[in-house]
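Undergrad: Please work out how this folds:
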Amino acid sequence: MTRCNFIRNYVRNLHFFENLAKFIAKKFFKFPESNYIDELKGKYSGSERMTVAQKIKTRDTLAQMRTDWDFEDRNVVFTNGCFDILHRGHVEYLQEAKRFGDILIVGVNSDDSVTRLKGPARPLMPADDRAFIIASLFFVDYVSVFDEDTPYELIRSVQPDLLVKGGDYDINDI
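TA: Take a look at the predicted model:
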């Protein structure tokens with residue numbers, strides 16, 4: 001079998017199993033009305049696919065985009081962190097945050113901000129790299145790096161519908 005035929009058969013089988021899974025899911029499970037999967041497919045396929053770098057936005061750009069999201073009646077969720085040592089807990093928490101809305105924006109502390117918060121030996125990884133890694137998660141819609149010690153100004157600009165923080169935060173600290 002030539003490489004081309006192998007790939008053609010692989011793609012054909014992939015479509016078959018995808019359709020079979022959809023059939024089984026519709027037949028045996030009840031799902032709430034949602035376009036979430038279709039939205040993700042549209043967002044990450046074809047010519048309109050957003051690159052990871054395109055998901056990293058300035059505060060001002062996100063504030064302008066917020067107007068469109070209001071018009072489209074989309075719920076914006078915001079969370080933030082240093083993400084200097086990214087681990088499974090971060091990823092699970094970000095994935096769970098996405099479930100609360102349509103758009104997930106993650107604020108990432110700048111290098112200077114991390115140094116002020118964590119000490120002179122930090123960050124271990126530059127802000128651009130941390131932002132890129134967070135943006136590469138498919139459930140994160142946008143990332144913005146902020147220089148302040150708290151994300152207050154970014155939150156004020158974006159005006160999210162919901163602020164999500166990890167379990168290690170007290171409500172009075174937010």
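
Undergrad: contacts and neighbour counts: CA atoms only from here.
TA: OK.

Undergrad: Test of understanding: give the bridge partners of the nearest residue to G81 once chain neighbours are set aside.
TA: Using C-alpha to C-alpha, 6 or more residues apart in numbering and skipping the chain neighbours, the partner closest in space to G81 is V108 (5.4 Å). Beta-bridge pairing for V108 (DSSP bridges): G81, V145.

Undergrad: Thought F83 was touching V108, still the case?
TA: Yes: V108 lies in contact with F83 (C-alpha atoms under 8 Å); the separation is 7.1 Å.

Undergrad: Could you pull out the strands in this structure for me?
TA: 76-81, 103-109, 142-146, 162-163 (DSSP state E).

Undergrad: Give me the more crowded residue out of V108 and F83.
TA: V108 (25 against 21; other C-alpha atoms under 10 Å).

Undergrad: tell me the contacts of the more buried one?
TA: N80, G81, C82, F83, A127, R130, A131, V143, S144, V145, F146 (C-alpha atoms under 8 Å, 6 or more residues apart in numbering).

Undergrad: Throw the strands of the chain into CSV and include mean pLDDT, thanks.
TA: Output for the strands of the chain, formatted as CSV (pLDDT from 0 to 100):
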stretch, mean pLDDT
strand 76-81, 97
strand 103-109, 97
strand 142-146, 98
strand 162-163, 96
